[in-house]
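S.K.: Dropping a prediction and its sequence here:
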Amino acid sequence: MNRENKRRSFEKGYYKNHACNERFICKVCGREVVPQGAGSDHRNHCPNCLTSLHVDLIPGDRAADCGGYMDPVAVWVRKNGEWAIIHRCRMCGMFSSNRIAADDNPMKLMSIAMRPLTLPPFPLERIEEMTRLMGGDGNLQ
């Protein structure tokens, strides 16, 4: 990338309208991340560990001063059926949502999706008692 193109890439909003074609090394898992295979022109997280960097306030603006690691904490399904990852910044706690990429680690995505079922916010041994307290008969059959 020549100096003029590099200068332009740091202008406000540049990445909203231009593809992100740079390779980079993930600062969390150390793997090289390439733009090919993402299924999108805007690569914003590592396909291996799904971690991102907090660089945007609004997608593509590169206006965040934080620069913290954005950990994948949940997934959700958009109206059109497309999955998205919810990231939370380790430094400031801000949340953001990013589309999954075609080459994202499917096992990591599924482990994040299953987390609420495998680690419920209450002890599973007390589910019958809790059901009874909420007006049910307490019987799971």
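M.R.: Structure's in. What do you need?
S.K.: how far away is the most centrally placed residue in the chain from residue 45?
M.R.: Nearest to the mean C-alpha position of the chain, by CA atoms, centre = their mean, lies residue 85 at 3.5 Å. Noted for residue 85: a distance of 7 Å to residue 45, by CB to CB, to the nearest Å. Where you see a C-beta, it was placed from the backbone N, CA and C, and this is true even at glycine.
S.K.: Overlap in contacts, these two.
M.R.: 72, 98, 104 (CB atoms under 8 Å, 6 or more residues apart in numbering).
S.K.: where exactly do the strands run in the chain?
M.R.: For the chain, the strands defined by DSSP state E occupy 24-25, 32-33, 52-53, 69-77, 83-89, 95-99.
S.K.: all helices for the chain, in order.
M.R.: Secondary structure of the chain by DSSP state H: the helices cover 3-9, 14-17, 106-118, 127-133.
S.K.: tell me the mean pLDDT for the first one?
M.R.: Same thing as helix 3-9. Helix 3-9 carries an average pLDDT of 51.
S.K.: Tell me who's in contact with the residue nearest to residue 67 when sequence neighbours are not counted.
M.R.: Spatial nearest neighbour of residue 67, chain neighbours left out: residue 54 (6.0 Å); criterion: CB to CB, 6 or more residues apart in numbering. Taking CB under 8 Å, 6+ apart, we find residue 54 in contact with 64, 66, 67, 68, 69, 70, 89, 91, 92, 94, 96.
S.K.: can you pull the pLDDT of the nearest residue to the second one once chain neighbours are set aside?
M.R.: Taking CB to CB, 6+ apart, and ignoring the residues beside it in sequence, residue 66 has residue 54 as its nearest neighbour in space, at 4.4 Å. What the model reports for residue 54 is a pLDDT of 88.
S.K.: any idea how far residue 54 is from residue 72?
M.R.: In terms of CB to CB, residue 54 sits 13 Å off from residue 72.
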